[in-house]
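Novice: the following comprises the amino acid sequence and a computationally predicted model.
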Amino acid sequence: MTIPFVDLKTQYKNLKVSIDTAIGNVIEETAFIGGKYIIEFEEKFARKYGVKHFVSTANGTDSLYIIMKSLGIGPGDEVITVANSWISTSETITQCGAKPVFVDIDPDYYTIDETRIEEKITSRTKAIIPVHLYGQMCEIEKIKSIADKYNLHVIEDCAQSHFSKYKNKKAGTFGIAGSFSFYPGKNLGAYGDAGGLITDDDELALKCKMFARHGALVKHKHKMEGINSRLDGLQAAILSVKLDHIEEWTAKRIENAACYSQIFQNNDHVITPLVRDNSVHSFHLYVIRVKKRNDLQNYLSKKGIETAIHYPSPLPFLEAYSYLQHKRKDFPVSYHYKEQILSLPLYPELKYDQISYIAESILSFYK
Ligand SMILES: *Cc1c(COP(=O)(O)O)cnc(C)c1O
């Protein structure tokens, strides 16, 4: 058996007729940039997510940058974020001219350790960017109350947490804005780069939209300089088709994650992911912790099972941040876990026999 880490082919086969029709329509109508497919997806996403505004962007990195620029974050400011994430979360802080300030992860839930945020706040701090990593909700209410106490913005990085929930409220709806990626492998994925942001703040929505469209809401009326960050028509049409299936896919992800955890229960070798109380974990990734991780990964690879590591290095220890001169002891949990974490294949289309083959293979490695 060979099991890829991500399998987008099966999903395409299941939706082939509607996807091909959607792509064909965009080409027939040459609706490549702007126009009805963009508006349709923006409205559909906002309605389904239950928010006032959804602004589409070219990708989920831009959407973070656009939110921060529109909130006026710039040189001299500091933005607090988490030590374990994809570099988009922190590089966009730097792009704004601000300084990324990292906080270690929680040892049980792998998201930002909310108990260590307050000690990092200074007079220059402007915002906190929690990341609902792997689909797991952060302790978002506590983070929000810390932010409120110091008058800081909360910008949620929801690139891995479409439709995750905390107390029945969706990821991205706690802070001033939420940023989404529709990179192909994300829970809602386009067939190329795509992203967007949500907010209930009318003024912020307008600023973000203007900044993402060269500073002009009306063609040639540039009120300021901006950037070019557009979702294109083909991606919008594809995403509109896929959006109808997201709830069913999320349910399948959760079901598949439960299958893994069931097989791994009562064994001493595999630490399975916990789900925070009162929350829905959308399982973008199913990440276990094990000893001899690299040997296990090789062993699985020989058995045709593809796995991945998210992430091999916490952000503060990347060469890109060597100038910050962080030490291991600054982020002990992230540092320690980077040798243990392993992401297993997890997608809605994964079959029970595949899950059991993967899980049994892992258990056989430790026998
Ligand atoms: C994927 C991802 C992004 C960036 O999204 P792109 O669309 O690839 O630019 C940002 N943050 C996190 C946590 C991500 O996983």
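Specialist: Ah, there it is. Numbers count the residues shown, from 1 in each chain.
Novice: show me which residues of the chain sit near the ligand.
Specialist: 59-61, 85-86, 88-89, 131, 157, 159-160, 181, 183, 193, 195 (Cβ under 6 Å from any ligand atom). Backbone N, C-alpha and C define where each C-beta goes, glycine included.
Novice: 5 Å instead, please
Specialist: 59-61, 85-86, 88, 131, 157, 159-160, 181, 183, 195 (Cβ under 5 Å from any ligand atom).
Novice: can you say which of these are buried?
Specialist: By neighbour count, with 16 or more other Cβ atoms under 10 Å, those hold 59-61, 85-86, 88, 131, 157, 159-160, 181, 183, 195 as buried.
Novice: any chance of those residues in JSON lines, with pLDDT too?
Specialist: Putting these into JSON lines (pLDDT from 0 to 100) gives the following:
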{"residue": "Asn59", "pLDDT": "98"}
{"residue": "Gly60", "pLDDT": "98"}
{"residue": "Thr61", "pLDDT": "98"}
{"residue": "Ser85", "pLDDT": "98"}
{"residue": "Trp86", "pLDDT": "98"}
{"residue": "Ser88", "pLDDT": "98"}
{"residue": "Val131", "pLDDT": "98"}
{"residue": "Asp157", "pLDDT": "98"}
{"residue": "Ala159", "pLDDT": "98"}
{"residue": "Gln160", "pLDDT": "98"}
{"residue": "Ser181", "pLDDT": "98"}
{"residue": "Tyr183", "pLDDT": "98"}
{"residue": "Gly195", "pLDDT": "98"}
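Novice: want to throw the residues you listed into TSV with secondary structure?
Specialist: Conversion of those to TSV gives the following (DSSP: H, G, I helix; E, B strand; the rest coil):
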residue	secondary structure
Asn59	coil
Gly60	helix
Thr61	helix
Ser85	coil
Trp86	coil
Ser88	helix
Val131	strand
Asp157	strand
Ala159	coil
Gln160	coil
Ser181	strand
Tyr183	coil
Gly195	strand
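Novice: which one of those residues is nearest to Lys351?
Specialist: Of all those, Gln160 has the smallest distance to Lys351: 23.2 Å, by Cβ to Cβ.
Novice: and the nearest residue to Pro130 once chain neighbours are set aside, how far is that from the ligand?
Specialist: Counting by Cβ to Cβ, 6 or more residues apart in numbering, Pro130 lies nearest to Cys138, which is 4.2 Å off, once chain neighbours are set aside. Separation of Cys138 from the ligand (Cβ to the nearest ligand atom, to the nearest Å) stands at 12 Å.
Novice: surely Cys138 touches Asp113?
Specialist: No: the criterion here is Cβ atoms under 8 Å, and Cys138 misses it with Asp113 at 9.6 Å.
Novice: more crowded one of the two?
Specialist: More neighbours surround Cys138 than the other of Cys138 and Asp113, with 31 against 21 (other Cβ atoms under 10 Å).
Novice: which ones are touching the closest residue to the ligand within the stretch 201-350 of the chain?
Specialist: Closest to the ligand within the stretch 201-350 of the chain is His284: 7.8 Å, counting by Cβ to the nearest ligand atom. Residues near His284 by Cβ atoms under 8 Å, 6 or more residues apart in numbering: 134-135, 160-162, 186-187, 253.
Novice: which residues in the stretch 151-300 of the chain form strands?
Specialist: Assigned by DSSP state E, counting those that start in this stretch, the strands in the stretch 151-300 of the chain fall at 153-157, 165-166, 169-170, 177-181, 195-199, 279-280, 286-289.
Novice: export these to JSON lines and tack on distance to Glu319?
Specialist: Listed next are the strands of the stretch 151-300 of the chain as JSON lines, based on distance: least, Cβ to Cβ, whole Å:
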{"stretch": "strand 153-157", "distance to Glu319": "22"}
{"stretch": "strand 165-166", "distance to Glu319": "35"}
{"stretch": "strand 169-170", "distance to Glu319": "36"}
{"stretch": "strand 177-181", "distance to Glu319": "24"}
{"stretch": "strand 195-199", "distance to Glu319": "26"}
{"stretch": "strand 279-280", "distance to Glu319": "35"}
{"stretch": "strand 286-289", "distance to Glu319": "24"}
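Novice: go through those strands and name the closest to Tyr260.
Specialist: Tyr260 sits nearest to strand 286-289 of all the strands of the stretch 151-300 of the chain, at 5.8 Å, using Cβ to Cβ.
Novice: mean confidence (pLDDT) on that closest one, please.
Specialist: In this model, strand 286-289 carries a mean pLDDT of 98.
Novice: show the pLDDT at the nearest residue to Arg213 once chain neighbours are set aside.
Specialist: In space, and not counting its chain neighbours, Arg213 is closest to Gly226: 6.3 Å by Cβ to Cβ, 6+ apart. The model reports Gly226 with a pLDDT of 98.
Novice: could you report the neighbour count for Gly226?
Specialist: As a burial measure, Gly226 scores 20 neighbours (other Cβ under 10 Å).
Novice: how about Asp268?
Specialist: Asp268, neighbours per other Cβ under 10 Å, totals 7.
Novice: ok, it to Tyr366 distance?
Specialist: Applying Cβ to Cβ, to the nearest Å, the value for Asp268 to Tyr366 is 8 Å.
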